[in-house]
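A.B. asks: When you get a sec, could you give me coordinates for this:
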Amino acid sequence: MRSTDHPASGRGRRAWRLGEATFDSSTRDLSRSDGVVVRLTPKVARLVERLLEGRGHVVSRRDLCDALWGERFVDSEQGLNFLVSRARRALGDDASRPRFIETVRGTGYRFVGTAEPITLGSSDGRAHSSRATAVALRWGMAALLLLMAGLGSSTRAPSPIEGGAQRAWPSPAFDLYAQGRYLEERGGVPDLEGALARYEAALAIEPLLVEARAGRAMTWQKLGLAGSRPVPAALLVSREEARKALEISPRSARAQIALGISYLYLDFDPASALSALERAVDLSPDSGEARLWLARAAAASGQVERSVREVEAALRSEPGSPRILPDQSWFYYLAGRYEEAVASARRVLDLEPESWPALEVLHLSYLALDRPSQARQVGERIAAVFSASNTVPSFEAGSAVSTAGPERHLTELADLFGRSCDSLVLERARLLALAGRSAPALELLEEGLARRLWWSPYVAVDPAFEELRDDPRFGRVIGTAAGAPRST
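C.D. replies: Numbering: from 1, shown residues only. I've put the predicted structure just below:
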């Protein structure tokens, strides 16, 4: 395959005279008759050159995709449409009345304008030097991003598969994307920061790599919901990245997931979230990630039994997934199926004895089942986990906890959460609501919903807030949060 990244030798450079315009394929400069010089991106330049090579003849979409991307998987159909649009804009062409690039419906494209191959003299070596400098700077910036992210030269993630398409590894951009996906799946905040750096480095090399764009959208929302970024700001970035990805490829399931999450958390709009996430599942039926978020949106919309079915489907796609299995117990809890919630949480705790989500849902389920002794025992375990990981005092009198009434137990646990972590606002509100302390619970609810914290979309269906639902203040808090203006 010919490459436009390396100019011709000192004897001259290949170029084309396109009527009154000139296209230098070595520098990618298009000099138009109106005096404007446009430097084409590498992919647009390769597209124009391939059409010029077949000038007067139809070049099929498949041939163009192979010339631009080879056998590597990208959503090349949508990417090709985007590149043709960019090429026409650079040429000052009009798709309805083409002077240069004609669309042949159902087949491909044909270059119909006047095109004469010419050779530019070697005296203009400065363009070659500028081109080499630009390439060096581009790769240097990508290398700098990798060094900042701490990329090890031997690290290579397994090739991810989405929608059944096997991907190959022919390019640095795709390799960076795959490493970013590996780190994103690990899920810790340092991993997510590393994933974000790799996605951005991949996009600096290949802006149309839709997987990296969608990965960047997903990573921003994860950093926000993990408390590493302000949630509304992070989700606004995520939404914008998701929309950019969908402009490249409307068939990007992960971009649809990110868009659905933004509807769920930014707008408190479960209906729009369900629509986007149903689309994601349609695009990638075997994606446990898409099914899990569809289950969450269903729960937020009050369809709690559907949420149980969706998470069970997610586990059939990814049996034993550490991302999905802990959530199953929460959906049972929201559906009021407390015995199943207990059994599901215990399965997680058998594998990970200090799993905070499993301990929390086990604690709440025992309270709902009116098993105060078992609830207090789990509360002690939660306190021990928090005391060990956050170096804060545990319950002020450990022996008193087992004999105190449930209100005292819940209040002390809520106080421990407050001393341990600033983001556990809604968890504290839940405990205080169960303890019958409505006023402080409502204050914490208002704060947590305004901050769009993790549990925000599910407050309205959480059984722990059952006693507050008849309180007019509860309705006002939910309504105010849902109606808060957000940039779209």
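
A.B. asks: May I have stretch 424-432 exported as CSV, CA atoms only?
C.D. replies: The C-alpha atoms that make up stretch 424-432 are tabulated as CSV, following Å, rounded to 0.1, in the frame of the first residue of the first chain:
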residue,chain,number,x,y,z
LEU,A,424,-21.3,9.0,51.8
VAL,A,425,-24.0,11.6,52.2
LEU,A,426,-26.9,9.6,50.9
GLU,A,427,-25.8,6.5,52.8
ARG,A,428,-26.0,8.6,56.0
ALA,A,429,-29.4,9.9,55.0
ARG,A,430,-30.7,6.4,54.6
LEU,A,431,-29.5,5.3,58.1
LEU,A,432,-31.0,8.4,59.7
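
A.B. asks: avg pLDDT for it?
C.D. replies: Regarding stretch 424-432, the rounded mean pLDDT is 91.

A.B. asks: That one: which residues count as buried?
C.D. replies: For stretch 424-432, burial by neighbour count (16 or more other CB atoms under 10 Å) applies to Leu424, Val425, Leu426, Glu427, Arg428, Ala429, Arg430, Leu431, Leu432. Placement of C-beta: from N, CA and C, glycine included.

A.B. asks: so which of the residues you listed would you say is closest to Trp454?
C.D. replies: Within the buried residues of stretch 424-432, distances to Trp454 taken as CB to CB reach their minimum at Leu426, with 7.4 Å.

A.B. asks: just to revisit the earlier point, could the buried residues of stretch 424-432 go into a markdown table alongside distance to Leu359 and secondary structure?
C.D. replies: Conversion of the buried residues of stretch 424-432 to a markdown table gives the following (distance: CB to CB, whole Å; DSSP: H, G, I helix; E, B strand; the rest coil):
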| residue | distance to Leu359 | secondary structure |
| --- | --- | --- |
| Leu424 | 13 | coil |
| Val425 | 18 | helix |
| Leu426 | 16 | helix |
| Glu427 | 12 | helix |
| Arg428 | 16 | helix |
| Ala429 | 18 | helix |
| Arg430 | 14 | helix |
| Leu431 | 13 | helix |
| Leu432 | 19 | helix |
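
A.B. asks: where exactly do the helices run in the stretch 351-488 of the chain?
C.D. replies: Under the criterion DSSP state H, counting those that start in this stretch, the stretch 351-488 of the chain carries helices at the ranges 356-368, 372-390, 398-403, 406-420, 425-434, 438-450, 472-482.

A.B. asks: Would you single out the least confident of those?
C.D. replies: Ranked by mean pLDDT, these end with helix 398-403 in last place, scoring a mean of 39.

A.B. asks: least trustworthy helix or strand in the chain by mean pLDDT?
C.D. replies: helix 398-403 (a mean of 39; mean pLDDT, DSSP states H and E).

A.B. asks: Run through the residues that contact the closest residue to Leu203 other than its chain neighbours.
C.D. replies: Closest residue in space to Leu203, ignoring its immediate chain neighbours: Ala212 at 5.2 Å, by CB to CB, 6 or more residues apart in numbering. Residues touching Ala212, when contacts are defined by CB atoms under 8 Å, 6 or more residues apart in numbering, comprise Ala173, Leu176, Tyr177, Gly180, Tyr199, Ala202, Leu203, Glu206.

A.B. asks: burial count for the last one?
C.D. replies: Read it as Glu206. Applying other CB atoms under 10 Å, we find 22 residues neighbouring Glu206.

A.B. asks: mind starting the numbering at 18 from now?
C.D. replies: Noted, 18 is the first residue going forward, which turns the last one into Glu223.

A.B. asks: Need phi/psi at it.
C.D. replies: Note on Glu223: its backbone torsions stand at phi -130, psi 90 [degrees, to the nearest 10].

A.B. asks: Now do the same for it: its pLDDT.
C.D. replies: Model confidence at Glu223, expressed as pLDDT, equals 90.

A.B. asks: cool, the fifth one as well?
C.D. replies: The predicted structure scores Tyr216 at 95 on the pLDDT scale.

A.B. asks: what about it, how many neighbours?
C.D. replies: Applying the criterion other CB under 10 Å, we find 30 residues in the vicinity of Tyr216.

A.B. asks: tell me which element it falls in.
C.D. replies: Assignment of secondary structure by DSSP states H and E places Tyr216 within helix 206-222.

A.B. asks: any idea how far that helix is from the chain center?
C.D. replies: 12 Å (CA atoms, centre = their mean, to the nearest Å).

A.B. asks: quick check: angle from the helix or strand that comes right after it to helix 206-222?
C.D. replies: Counting by DSSP H and E, the next helix or strand C-terminal to helix 206-222 is helix 227-242. When axes from the mean of the first three to the mean of the last three CA atoms, to 10 degrees is applied, the directions of helix 227-242 and helix 206-222 differ by 150 degrees.

A.B. asks: separation between the nearest residue to Asp488 once chain neighbours are set aside and Asp487?
C.D. replies: Once flanking residues are discounted, Asp488 sits nearest to Ser455: 6.3 Å by CB to CB, 6+ apart. Distance of Ser455 to Asp487, given as CB to CB, to the nearest Å: 11 Å.

A.B. asks: The two: which is more packed in?
C.D. replies: Ser455 (15 against 8).

A.B. asks: so who does the more buried one touch?
C.D. replies: The neighbours of Ser455, taking CB under 8 Å, 6+ apart as the test, are Glu484, Leu485, Asp488, Arg490.

A.B. asks: what do you get for Arg105?
C.D. replies: In this structure, Arg105 makes contact with Asp111, Ala112, Pro115, Phe117, Ile118, judged by CB under 8 Å, 6+ apart.

A.B. asks: Show me those residues that map onto strands.
C.D. replies: Ile118 (DSSP state E).

A.B. asks: Any of the contacts of Arg105 buried? List them.
C.D. replies: The neighbour-count test (16+ other CB under 10 Å) applied to the contacts of Arg105 identifies Pro115, Phe117, Ile118 as buried.

A.B. asks: Could you pull up the residues touching the residue nearest to the second one when sequence neighbours are not counted?
C.D. replies: It stands for Phe117. With sequence-adjacent residues excluded and distances taken as CB to CB, 6+ apart, Phe117 is closest to Gly130, at 4.1 Å. By CB under 8 Å, 6+ apart, the contact list for Gly130 reads Leu35, Gly36, Arg116, Phe117.

A.B. asks: What separation do you get for Gly130 and Leu276?
C.D. replies: Plainly put, Gly130 is 39 Å away from Leu276 if you go by CB to CB.

A.B. asks: go on, Leu69?
C.D. replies: Between Leu69 and Leu276 the distance is 38 Å, computed by CB to CB.

A.B. asks: And for Val54?
C.D. replies: Using CB to CB, Val54 is found at 38 Å from Leu276.

A.B. asks: In terms of neighbours, single out the busier of those two.
C.D. replies: Neighbours per residue, other CB under 10 Å: of Val54 and Leu276, the larger number sits with Leu276, 27 against 11.

A.B. asks: residue boundaries of the helices in the stretch 218-367 of the chain?
C.D. replies: Taking DSSP H, counting those that start in this stretch as the criterion, the stretch 218-367 of the chain carries its helices at 227-242, 248-265, 270-282, 287-300, 305-317, 321-334, 342-351, 355-368.

A.B. asks: Below-threshold pLDDT in this protein: ranges please.
C.D. replies: 18-29, 51, 87-95, 138-187, 404-422, 497-505 (pLDDT under 70).

A.B. asks: Could you rerun that using 50?
C.D. replies: By pLDDT under 50, the low-scoring segments of the chain are 18-27, 90-92, 139-186, 408-420, 501-505.

A.B. asks: For the residue nearest to Phe117, what is the enclosing helix or strand?
C.D. replies: Take DSSP H and E as the rule and Gly130 turns out to sit in neither a helix nor a strand.
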